[in-house]
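# Quick one: sequence plus predicted model below, questions after.
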Amino acid sequence: MMKSVTCTAPVNIAVIKYWGKRDEKLILPINSSISATLGQNELRAKTTAAISKDFTEDKMWLNGEEQPMTSSRIQNVLKEIKRRAQKRKSQEMADDSIHWHLHVCSENNFPTAAGLASSAAGYACFVHTLAQLYGITGEISDIARLGSGSACRSVYGGFVLWDMGTEQNGSDSIAKQIAPESHWPELRILILVVSDQRKYVGSSEGMQTSVQTCELLKKRTEIVSSRIDQMTEAILKKDFETFAELTMKESNQLHAVCLDTFPPISYMRDVSHHIVRLVHNYNKIVGHTKVAYTFDAGPNACLYLLEEDVPAVMSLVNHFYPPVQNGTELTVKGLSIEKIPHQQNIVDAIQLPTQPGAVKYCIHTKVGPGPQVIKSPAESLLDSTGQPKTVST
């Protein structure tokens, strides 16, 4: 006898950044944060979880490779899931099924640990799948937070606030939806993938070092609360210029904090800074804020813009970051983009050199929904015996 559930969960990209914890074990942040949930057709984690009385041990596979389940974060999530399942005492489960061993298989359709919020999608998917498996309802963003702080925001679609909370036990440090994915349908996201390699300093390690050594981080906590209010208002009013300006300032401040950390942490690369200059120069030339950049803990640029401006911006991306081989245009994954020639007068006014091969490819997506349950057995990542259908050798 085996019971299994398959779910998907999205990536979220913060516009008001989370960096630093006041409690490492409970993963409680030193400030609140806001993010946009991205479309799952382009960026998502997928997880199948199964329990069976025939399993002899808990096992996990990630992207085709077996992984230990001994990390404190995984164990904290499992402990809380089972605590709530035991408390619920569902009649749908056999009396002892909560004690059956667990098999989990997960995969991402985007690079892992490269600064594209893979842990957020992964833990949100892990928690949502286990909640479905054990019949847990109600608030689960606080459980996702135990795995990865930003994972709590991936529990919801649309625009999401992670309220830092004030309770010592973290009970009020939860995610709340500001607006659903349908609220701002014109908003688009272009992700310029500069590197799909694992970053040299993980986010958790970087945050911990910043909290211990960064003077700027202390000043940031005095600023960010007012930005939360401003960003919330900008989202609700669909005020793109305010949204864009705050997004860029928040990105800049995050990376200033990282550089003020000792020893300094530099997630951005030369091409990342080139993209920043391109965005500012372009906005100045056209006389309006048409596009905003943000960088998480990695070199990859996430550009927020309106649907009507995507073709023009993509034409500039193709001009300044052409592929070294395979033609003159970058590969675009996700939503289609109308191809138009770049405007030479704008290119000339931008006054930046081209950087062939600096961007590997582009992902075009939009704001999307929260975790989804996949009903089709064919979509399961585990076979009928609870073993992964695909395993790396």
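That came through, no problem. Numbers count the residues shown, from 1 in each chain.

# Which parts of the stretch 151-300 of the chain are strands?
Along the stretch 151-300 of the chain, counting by DSSP state E, counting those that start in this stretch, strands occupy 159-162, 175-179, 187-193, 291-294.

# Neighbours of residue 355, how many?
Counted with other Cβ atoms under 10 Å, residues neighbouring residue 355 total 15. Bear in mind the C-beta positions are built from the backbone N, C-alpha and C, glycine included.

# Select, out of the strands of the stretch 151-300 of the chain, the one closest to residue 237.
Closest of the strands of the stretch 151-300 of the chain to residue 237 is strand 175-179, at 10.5 Å (criterion: Cβ to Cβ).

# List the contacts of the nearest residue to residue 240 once chain neighbours are set aside.
Ranked by Cβ to Cβ, 6 or more residues apart in numbering and with sequence neighbours excluded, the top spatial neighbour of residue 240 is residue 306, at 6.1 Å. Taking Cβ atoms under 8 Å, 6 or more residues apart in numbering, we find residue 306 in contact with 186, 187, 188, 240, 290.

# 7 Å - rerun?
Counting by Cβ atoms under 7 Å, 6 or more residues apart in numbering, residue 306 touches 186, 187, 188, 240.

# I figured the first one hits residue 309, correct?
Spelled out, that is residue 186. No: Residue 186 lies out of contact with residue 309 (Cβ atoms under 7 Å); the separation is 9.7 Å.

# Name the residue in the two with the higher neighbour count.
Set residue 186 next to residue 309 and count neighbours by other Cβ under 10 Å: residue 309 wins out with 18 against 13.

# how close does the more buried one sit to residue 383?
According to Cβ to Cβ, to the nearest Å, residue 309 and residue 383 sit 46 Å apart.

# Ok, residue 80 next?
Taking Cβ to Cβ as the measure, residue 80 falls 29 Å from residue 383.

# what does residue 344 give?
Separation of residue 344 from residue 383 (Cβ to Cβ) stands at 56 Å.

# who's more crowded, these two?
For residue 344 and residue 383, the more surrounded residue by other Cβ under 10 Å is residue 383, and the numbers stand at 13 against 9.

# Quick check, the more buried one in contact with residue 389.
Yes: here residue 383 reaches residue 389: they are 5.4 Å apart, a contact under Cβ under 7 Å.

# Helices of the stretch 151-300 of the chain, start to end?
203-213, 215-237, 240-260, 270-286 (DSSP state H, counting those that start in this stretch).

# Pipe these into CSV and attach mean pLDDT per row.
Below are the helices of the stretch 151-300 of the chain laid out as CSV (pLDDT from 0 to 100):
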stretch, mean pLDDT
helix 203-213, 94
helix 215-237, 95
helix 240-260, 98
helix 270-286, 98
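
# With respect to residue 100, which of those helices lies nearest?
Once these are compared by Cβ to Cβ, helix 203-213 is nearest, at 30.8 Å.

# Residue 198: how many residues sit nearby?
Neighbour count for residue 198, taken as other Cβ under 10 Å: 13.

# Kindly list the main-chain dihedrals of it?
Torsion angles at residue 198 (phi, psi; degrees, to the nearest 10) stand at phi -60, psi 130.

# try residue 265
Main-chain dihedrals, residue 265, degrees, to the nearest 10: phi -120, psi 130.

# mind giving me the domain split of this protein?
2-181+371-379, 187-366 (automatic domain parsing).

# Mean confidence (pLDDT) on the first one, please.
In this model, domain 2-181+371-379 has a mean pLDDT of 93.

# And the contacts of stretch 123-132?
5, 7-9, 45-47, 49, 77, 81, 104, 106, 140, 143-144, 147-148, 151, 154-155, 371, 373.

# ok, 6 Å please
Stretch 123-132 has contacts (Cβ atoms under 6 Å, 6 or more residues apart in numbering) with 5, 7, 9, 45, 47, 49, 81, 140, 143-144, 147-148, 151, 154-155, 371, 373.

# For residue 260, see how far away residue 254 is.
11 Å.

# ok, these two, which is more surrounded?
Neighbours were counted for residue 254 and for residue 260 using other Cβ under 10 Å; residue 254 has more, 23 against 17.

# May I have the phi/psi pair for the residue nearest to the more buried one when sequence neighbours are not counted?
Of all residues not flanking residue 254 in the chain, residue 17 sits nearest, at 4.5 Å (Cβ to Cβ, 6+ apart). The phi and psi torsions at residue 17 (degrees, to the nearest 10) take the values phi -80, psi 150.

# Residue 17 against residue 253, yeah?
No: the pair residue 17 / residue 253 is not scored as a contact, 7.3 Å apart, by Cβ atoms under 6 Å.

# Help me confirm that residue 8 is found in a strand?
Yes: remark: residue 8 belongs to a strand, assigned using DSSP: H, G, I helix; E, B strand; the rest coil.

# Now do the contacts for it.
Residue 8 touches 40, 44, 46, 372, counting by Cβ under 6 Å, 6+ apart.

# how does it look with 7 Å?
Neighbouring residues of residue 8 by Cβ under 7 Å, 6+ apart: 40, 44, 45, 46, 125, 371, 372, 374.

# how far away is it from residue 296?
Taking Cβ to Cβ, one finds residue 8 at 21 Å from residue 296.

# thinking again about what came up before, just the buried members of the contacts of stretch 123-132?
Buried members of the contacts of stretch 123-132, counted by 16 or more other Cβ atoms under 10 Å: 5, 7, 9, 45, 47, 49, 81, 140, 143-144, 147-148, 151, 154-155, 371.

# Check these against residue 171 and report the nearest one.
For these, the nearest to residue 171 is residue 143 (11.8 Å; Cβ to Cβ).
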